[in-house]
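Asker: for reference, the sequence and a predicted model appear below.
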Protein chains: 2
Amino acid sequence: MPEGRTGQGYSGESLLFLTDEQLRQGIEAMFFAYRGFTADPDRILAEMSYGRAHHRAIHFINRSPGTTVNNLLSILGVTKQSLNRVLRTLIGDGLVISKVGELDKRERHLYLTDQGAALEATLSDAQRARMRAAYKDAGPEAVQGFKTVLEAMMDADMRRAYAKLRD
Amino acid sequence: MPEGRTGQGYSGESLLFLTDEQLRQGIEAMFFAYRGFTADPDRILAEMSYGRAHHRAIHFINRSPGTTVNNLLSILGVTKQSLNRVLRTLIGDGLVISKVGELDKRERHLYLTDQGAALEATLSDAQRARMRAAYKDAGPEAVQGFKTVLEAMMDADMRRAYAKLRD
DNA sequence: CAGTTTATGTCAGTGTTGTTGACATTCCAA
DNA sequence: TTGGAATGTCAACAACACTGACATAAACTG
């Protein structure tokens, strides 16, 4: 180690930004930002005794109407028991409907009802408003960098799911 | 609306990136990336029947040795009862020690033991490795943008806590 | 057709992490 | 010194994740 900067990630063209200290800052930024990211929907959901799990289900059903339970499972990365509990309440409350598949009758295709779509819009609006404000603050180049780093942080299977959703 | 691009966030110099679609992609990227962000520590923690809450406590005690319970509460944004349960197990397992304050005997000052520091290092190494890889993939400008957007996404109080930790 | 696999749903049990409520201790100021 | 504010602890409960076992129905395969 000729430079005497051992263990700090120095290597070639990437200068001065792979120190443990810089990485730690990124980790903490991620922690705090995620709290902000979920804060607004969480507030709305708490009023109707729903949680983040319900939000995620609603979001991806809205994103891909007619998606199957299995499909949703692979996107959300939870167990079917866990997802089923959430879906049961959403269907019971009339926010989601589940239709038996025509080609494959084992499958259940999921759709939002008007009521479900209304909640989705409320939650999305709140989350997008914050995102929009953050994007505006940060500027276009920052946004590009933001997305690039986030994608690089995903596991391969998440990256596939994300790419698939991007179309 | 002369351009006929209503509701897509067009305004001045910020071009083509405040559409609802672009915002949705950012939201989903954040969702998947956070899973990746926590995946490695989660795996390690699961083996010792600890969870993310333990990780967070250990992280910030390591970051600010001698911090008080109250201080930690304001950073973590949970109730003191919730934090206390986690601290109790960590203290019981000999990873953290709690010293009664000298000036104010109501306060408890928290420190990692050698064993606690060892676990912190293991968890940090795993998380930093992924962060480092993501940063390397994305490049320096992207990293700058990443941090800028994340900070813009925080609430004011989180931004304060984050700035305080940055020194 | 018989047997296997796939897709889904359910029941029971457990663990982590969040919550509120009640309470003890300590400090400080009227 | 008495009452309130701050700090921290214990108990009970809810949400949401997990595993394991099992049931049902439909599709596939030989």
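Answerer: Thanks, I have it.

Asker: is the helix or strand harbouring A:Leu45 positioned near DNA strand C?
Answerer: Assessed by DSSP states H and E, A:Leu45 sits inside helix A:20-47. No: applying Cβ under 7 Å from any atom of the strand, one finds helix A:20-47 separated from DNA strand C by no less than 8.7 Å. Bear in mind the C-beta positions are built from the backbone N, C-alpha and C, glycine included.

Asker: in that helix, what's buried?
Answerer: Within helix A:20-47, the residues that count as buried by 16 or more other Cβ atoms under 10 Å in any protein chain shown are A:22-42, A:44-45.

Asker: in chain A, what residue is nearest DNA strand C?
Answerer: A:Asn70 (2.4 Å; Cβ to the nearest atom of the strand).

Asker: alpha carbons of stretch A:34-48, in CSV - could you do that?
Answerer: This file holds the C-alpha atoms of stretch A:34-48, laid out as CSV (Å, rounded to 0.1, in the frame of the first residue of the first chain):
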residue,chain,number,x,y,z
TYR,A,34,-36.9,5.9,3.7
ARG,A,35,-38.7,7.1,6.8
GLY,A,36,-39.7,10.2,4.9
PHE,A,37,-40.6,8.2,1.9
THR,A,38,-43.2,6.2,3.8
ALA,A,39,-44.3,8.9,6.3
ASP,A,40,-47.2,10.4,4.3
PRO,A,41,-48.9,7.1,3.3
ASP,A,42,-48.3,5.7,6.8
ARG,A,43,-50.2,8.6,8.3
ILE,A,44,-53.2,8.1,5.9
LEU,A,45,-53.2,4.3,6.4
ALA,A,46,-53.0,4.5,10.2
GLU,A,47,-56.4,6.3,10.2
MET,A,48,-58.1,3.3,8.6
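
Asker: got a list of contacts for that stretch?
Answerer: A:51-52, A:54-55, A:122-123, A:126-127, A:129-131, B:27, B:30, B:34, B:77, B:153-155, B:158 (Cβ atoms under 8 Å, 6 or more residues apart in numbering or on different chains).

Asker: what sits against A:Ala163?
Answerer: Neighbours of A:Ala163 in contact, by Cβ under 8 Å, 6+ apart: none.

Asker: burial measure for the residue of chain A closest to DNA strand C, as a count.
Answerer: 13 (other Cβ atoms under 10 Å in any protein chain shown).

Asker: backbone phi and psi for the nearest residue to it once chain neighbours are set aside, please?
Answerer: Spatially, and ignoring its direct neighbours in sequence, A:Asn70 is nearest to A:Glu107 (7.5 Å; Cβ to Cβ, 6 or more residues apart in numbering or on different chains). In terms of degrees, to the nearest 10, the main-chain angles of A:Glu107 are phi -80, psi 150.
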